[in-house]
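Novice: Could you look at this predicted model? Sequence included:
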Amino acid sequence: MPKFTLSKTACMWSGEGPGENFDHPVRYEIGGMPAGRVAHIEMSGHASDRWQILDDVTDKRYGDFESADDALASLQADVENQ
């Protein structure tokens, strides 16, 4: 059983097409992090189909993931291994 159960909630979107329908999340806030850790998962600035983890405490980005869910799974494993 995991010590922490992380979750993601969309907090920034990008629109496409006429009328800018903002239905495409580009950043997720991560809930359930251990005390003293804060992170977001966001679309990579250099590629619109890749995702990275942003450690808000150190202001560092890491990882190169195919999906936000892949990034969340990696972050969950990282949290569990501490």
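Specialist: Yep, that arrived.

Novice: Sticking with the residue sitting nearest the centre point of the chain, tell me its helix or strand.
Specialist: The C-alpha lying nearest the average C-alpha coordinate of the chain belongs to Ile41 (Cα atoms, centre = their mean; 1.4 Å). For Ile41, the host element (DSSP states H and E) is strand 39-43.

Novice: okay, and for this structure, where does confidence drop off?
Specialist: Applying pLDDT under 70 to the chain flags the ranges 15-23, 46-47.

Novice: how about the helices in it?
Specialist: Ranges of helices in the chain, per DSSP state H, are 68-80.

Novice: one step back: how close does the residue nearest to the centre of the chain sit to Asp56?
Specialist: Look at Ile41 and Asp56: by Cβ to Cβ, to the nearest Å, they are 11 Å apart. Backbone N, C-alpha and C define where each C-beta goes, glycine included.

Novice: quick revisit: show me the residues around the residue nearest to the centre of the chain that make contact.
Specialist: 8, 27-28, 30, 51-54, 68, 71-72, 75 (Cβ atoms under 8 Å, 6 or more residues apart in numbering).

Novice: what do you get for Trp51?
Specialist: Applying Cβ under 8 Å, 6+ apart, one finds that Trp51 lies in contact with 41-44, 63-68, 70-71.

Novice: switch to 6 Å and redo it
Specialist: 41, 43, 65, 68, 71 (Cβ atoms under 6 Å, 6 or more residues apart in numbering).
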